[in-house]
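Enquirer: the sequence and its predicted three-dimensional model are supplied below.
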Amino acid sequence: MKKIKALMIAAFFLVAGSTFAQTATPATTPAKKEIKTKKDGTPDKRYTENQKLKKDGTPDKRYNENKNLKKDGTPDKRFKTSKADSLKAVKKKS
C-alpha cells in the first residue's frame with residue numbers, strides 16, 4: 001500500500017512538473033526612455049533623466065550641464081562662471 005502511494009505521488013509530480021515546465025512566459029521588452037526636449041529640439045535640463053546622476057540620484061556637479069543651474073535649467077547668474085558669459089555678450093554689443 002505504501003509503495004502504491006509513493007508511485008502515485010511520484011507520477012503526480014512528474015505530470016505536474018512537466019506541465020509547468022511547458023508553459024512559456026511572454027518576453028517583456030524594456031521600455032524606451034523618452035527624452036523630453038524643448039521646442040527648438042535641445043534636451044530640457046529640468047528633467048533628471050537628461051542629467052548625469054550620482055548613485056544616490058542627485059545631479060553630478062562634475063559635469064558642466066549640472067553646475068549652477070536654476071530649477072528651470074537655465075544658468076544661475078549669481079556665480080562668476082555664468083557672469084563671465086553674460087559680460088562677454090554685453091561687451092560685444094557695445
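Expert: Good, I have the coordinates. Quantities reported herein were computed from a predicted structural model and do not represent experimental measurements.

Enquirer: so which residues of the chain form helices?
Expert: 2-22, 80-93 (DSSP state H).

Enquirer: can you flag the weakest of those helices by average pLDDT?
Expert: Among the helices of the chain, helix 80-93 carries the lowest mean pLDDT, at a mean of 56.

Enquirer: give me the number of residues near T37?
Expert: 12 (other Cβ atoms under 10 Å). For every residue, glycine as well, the C-beta is placed using N, CA and C.

Enquirer: for F13, same thing?
Expert: Here the number of neighbours of F13 (other Cβ under 10 Å) works out to 10.

Enquirer: V15 too?
Expert: 10.

Enquirer: ok, it to E34 distance?
Expert: Distance of V15 to E34, computed by Cβ to Cβ, to the nearest Å: 47 Å.

Enquirer: same check on K2?
Expert: Taking Cβ to Cβ, one finds K2 at 63 Å from E34.

Enquirer: one more: M8?
Expert: For M8 relative to E34 (Cβ to Cβ), the value is 56 Å.

Enquirer: who's more crowded, these two?
Expert: M8 (10 against 7).
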